[in-house]
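K.L.:
Any chance you could fold what I've pasted below:
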Amino acid sequence: MPQKWQPFEEFEDRLEIAFWDKKEFLSYVQFNQLFGDLFSENTDKTIIWKTPSYSKYCYELAYYSVEKKDYYNAIKMLNIGLRLEPDHPLLLCELGLALNQMGKHEKALEAYKHAFFARKWTKSSILARSLRGQGVVLIDIGNLDEAEKVFKKSLELETENRIAIEELKYIEYLKRGGPKSTSNGQISGSPDELKAWYWFIDNNTHQLNEKPEKFDSYAANQPNDSPVYKSIREQNTKNELNVKCYLRWINKPSQTKKPLLQRILKGHTNTITSVVLTSDNKTIVSSSLDKTIMLWNLNTGECVNVFIGHDNSIRVISVSSDGSKIISGDIEGEIRLWNTSSLKCDNAIKGHNGSVSGISFLDGNRICSSGHDGILRIWDTKNFTLNCIDQLEGNGNDIQNMAIIPNSDIAITTSSKGGLARWNLSNKSFEIISHDFQASLGKGLAVLEKRNMVAVVVAMKILIIDISNGKCANTIECHSGSIKDIALTSDEEYIITGGVDRIVQVTKIDTSETIATLPGHNFCIYAIDVSTDGKYVVTGGGFENDIRVWDIENIAKDDVNIRSSGGPSGAIRVKSIDLSYDGKYILSTHGETSGEFCIRTYSGLFPQIIGEADYIHVDSNNNKVLTFSIRNGHFQEWNLNENSAKIIFEIDKYLDIDNVVISNDTSFSAIILENKIEVINLIEKKMLQHLKYQKIILLIP
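P.N.:
Residues are numbered from 1 along each chain as shown. All right, here's what the predicted structure looks like:
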């Protein structure tokens with residue numbers, strides 16, 4: 001954004017205003033014609049609609065963040081936008097939505113009210129939206145009478161808005177004594193039809209606020225067994241004189257299934273290294289390579305606290321059973337003790353020579369830590385001190401992972417040099433249990449206390465090893481890439497795994513059966529934990545730096561035995577897709593900012609990433625596959641048999657590219673970039689004369 005950019009500038013002969021769209025522009029002009037200029041006493045000045053609007057860009061970034069349930073980043077973007085246009089009602093409405101989702105109801109109500117009165121020339125549809133936002137907040141805080149009033153008032157501005165109509169039905173239901181929705185968005189004890197309508201509106205509110213006219217179309221694409229779909233179909237059947245036609249989504253579900261991905265938490269700025277759920281299942285504690293520890297409300301997804309103090313990336317964390325203490329270890333061997341009441345680090349000490357590889361509470365006051373230096377240390381944390389009271393050395397090998405057998409002073413460790421070891425912290429004994437494998441680097445060790453076994457990650461497999469004799473009781477293979485972390489349900493029936501292939505697998509330990517596959521992470525998964533009540537799995541990823549919360553309470557039941565879940569909100573965005581010229585392969589590009597070019601067979605579960613690309617073009621006549629990558633500016637021709645490519649043309653990768661098209665015979669390409677169209681001859685490999693076009697400026701006399 002240019003320095004000192006302003007959405008409104010007044011000059012001697014003109015007014016320059018960065019309107020967001022044509023409707024906003026016309027709304028301003030209409031009000032100006034009726035009531036006089038809003039900004040200046042001189043009404044003879046020319047009004048110029050200047051582009052672009054950077055406050056609108058902030059809104060769009062915030063809108064996307066709210067879609068991803070990243071409210072922390074959304075509010076950050078909205079605050080930037082509001083510094084530019086503090087009176088823009090859409091920025092204020094979006095702020096109200098984000099605040100309400102975070103449980104900050106009073107501030108959300110204030111934002112929605114501000115949106116209603118911010119501008120005299122605001123469109124009626126946006127005024128109605130601000131009123132609906134107020135109504136939702138008022139329902140959440142239990143003020144049903146006021147909520148009913150504002151929804152009715154919104155219908156005076158948008159007479160047939162279905163969201164307002166259905167919300168009024170919900171208010172009527174609540175006034176009759178029906179139970180209110182719970183913190184996770186569910187209505188208990190209410191009729192199935194009302195539940196379905198509530199979930200439908202709740203899940204689509206964001207899109208419907210933008211385009212309320214799409215209400216019937218969205219409803220028609222609900223699952224076939226949904227009361228929402230049945231109602232729209234019945235309405236369409238009865239209306240014989242004006243039968244509506246809807247586009248059907250190609251991925252429309254036939255049956256209603258509870259979504260497994262509950263929310264996405266964003267706030268860390270680097271790879272998530274550990275996630276831990278507190279014993280009361282109310283708080284998620286996460287650590288990251290960004291050197292911070294964050295505390296999150298599990299039910300709302302709100303980041304409630306951030307601990308800053310480490311000078312190096314944090315590798316491992318542990319939380320005391322009462323939640324009063326957090327212990328953390330970083331890659332340079334420093335250990336820090338955090339007081340969750342005072343929100344301060346009470347002690348920091350150099351604990352190991354090299355990275356801390358494991359850390360765990362033995363009881364309320366004692367902690368055990370392990371390091372790549374091959375040493376175990378016992379620490380006393382009484383009165384929030386951090387004193388080393390004992391030290392154990394094994395056979396001199398490094399320690400890659402450590403796990404404590406619950407309610408004991410027994411530690412199990414793995415080494416990068418091979419072997420599984422048992423340590424008795426009371427009598428300082430050390431013994432090798434097994435030499436038959438070499439554990440993977442990084443995390444990947446869990447204790448099955450009830451079975452007297454441990455689960456150990458070895459590349460793409462998990463070995464279930466009997467601690468008493470060191471023998472492998474079972475081998476689980478459920479991933480197509482290296483596994484980076486594992487966790488167990490408290491009943492030790494299931495193991496949760498994640499890693500390089502970017503999916504979370506829920507596997508039954510006894511049978512090695514995959515119960516559920518949870519896609520959604522765009523990059524490698526490095527951290528996993530399971531709530532003690534078995535309801536939630538929490539996962540942390542790299543590069544995108546987000547935490548995902550999955551509802552797995554009923555995952556083993558037949559009616560929700562889902563092998564693929566996540567949906568549009570969690571899956572990697574498909575940018576383009578096509579079939580190879582010989583019909584053998586499905587070709588696709590995935591990603592948000594930069595694309596991955598993938599190839600798979602019709603029966604292939606996992607796509608194989610073979611390069612970078614954002615656009616695909618298949619020339620069946622000449623047996624060619626061409627791709628273009630925005631990230632590096634390369635046009636490439638592919639040999640699919642060898643999964644190799646050659647660059648046939650290259651443009652400046654730093655140019656701002658909006659779109660790319662390739663001719664059917666792959667001889668020409670047109671690229672829209674930086675307000676011009678560039679035509680490229682891909683055979684002669686040269687850029688032709690570009691076609692300029694100017695930004696549109698509307699002049700109102």
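K.L.:
Could you measure from residue 17 over to residue 5?
P.N.:
Look at residue 17 and residue 5: by Cβ to Cβ, to the nearest Å, they are 13 Å apart. For the C-beta atoms, the positions are set from N, CA and C on the backbone; glycine is no exception.
K.L.:
which of the two has more neighbours?
P.N.:
More crowded of residue 17 and residue 5, by other Cβ atoms under 10 Å: residue 17, with 20 against 14.
K.L.:
Correct me if wrong: that one contacts residue 46.
P.N.:
No - contact criterion Cβ atoms under 8 Å: residue 17 and residue 46 do not qualify, at 11.1 Å.
K.L.:
Can you list the low-confidence ranges for the stretch 101-250 of the chain?
P.N.:
178-192, 195, 202, 236-246, 248, 250 (pLDDT under 70).
K.L.:
mind listing the helices for it?
P.N.:
Counting by DSSP state H, counting those that start in this stretch, the stretch 101-250 of the chain has these helices, from start to end: 105-117, 124-140, 144-157, 162-175, 192-210, 215-220, 227-238.
K.L.:
Run the angle between the third one and helix 105-117 for me.
P.N.:
Think helix 144-157. Helix 144-157 runs at 30 degrees relative to helix 105-117, counting by axes from the mean of the first three to the mean of the last three Cα atoms, to 10 degrees.
K.L.:
Likewise for the second one?
P.N.:
Relative orientation of helix 124-140 and helix 105-117, computed by the same axes, to 10 degrees: 160 degrees.
K.L.:
for the fourth one, same thing?
P.N.:
Here helix 162-175 points in a direction 140 degrees away from that of helix 105-117 (the same axes, to 10 degrees).
K.L.:
Only the C-alpha atoms, please, for helix 162-175, written as CSV.
P.N.:
What follows is helix 162-175 as a C-alpha-only set of coordinates in CSV (Å, rounded to 0.1, in the frame of the first residue of the first chain):
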residue,chain,number,x,y,z
ARG,A,162,-34.5,-16.0,4.8
ILE,A,163,-31.8,-15.7,7.5
ALA,A,164,-33.9,-13.3,9.5
ILE,A,165,-37.1,-15.3,8.9
GLU,A,166,-35.5,-18.5,10.2
GLU,A,167,-33.8,-16.7,13.2
LEU,A,168,-37.3,-15.4,14.2
LYS,A,169,-38.5,-19.0,14.2
TYR,A,170,-35.6,-19.9,16.4
ILE,A,171,-36.4,-17.1,18.8
GLU,A,172,-40.0,-18.3,18.9
TYR,A,173,-38.8,-21.8,19.7
LEU,A,174,-36.6,-20.5,22.5
LYS,A,175,-39.4,-18.5,24.0
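K.L.:
now for it, which elements pack on it?
P.N.:
Secondary-structure packing of helix 162-175 (3 or more Cβ pairs under 8 Å, 6 or more residues apart in numbering; DSSP states H and E): helix 124-140, helix 144-157, helix 192-210, helix 215-220.
K.L.:
mind redoing it with 7 Å?
P.N.:
The contact analysis (3 or more Cβ pairs under 7 Å, 6 or more residues apart in numbering; DSSP states H and E) places helix 162-175 against helix 124-140, helix 144-157, helix 192-210.
K.L.:
In JSON lines, list those helices along with mean neighbour count and distance to residue 61.
P.N.:
Below are these laid out as JSON lines (neighbours: other Cβ atoms under 10 Å; distance: least, Cβ to Cβ, whole Å):
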{"stretch": "helix 124-140", "mean neighbour count": "24", "distance to residue 61": "19"}
{"stretch": "helix 144-157", "mean neighbour count": "18", "distance to residue 61": "27"}
{"stretch": "helix 192-210", "mean neighbour count": "17", "distance to residue 61": "14"}
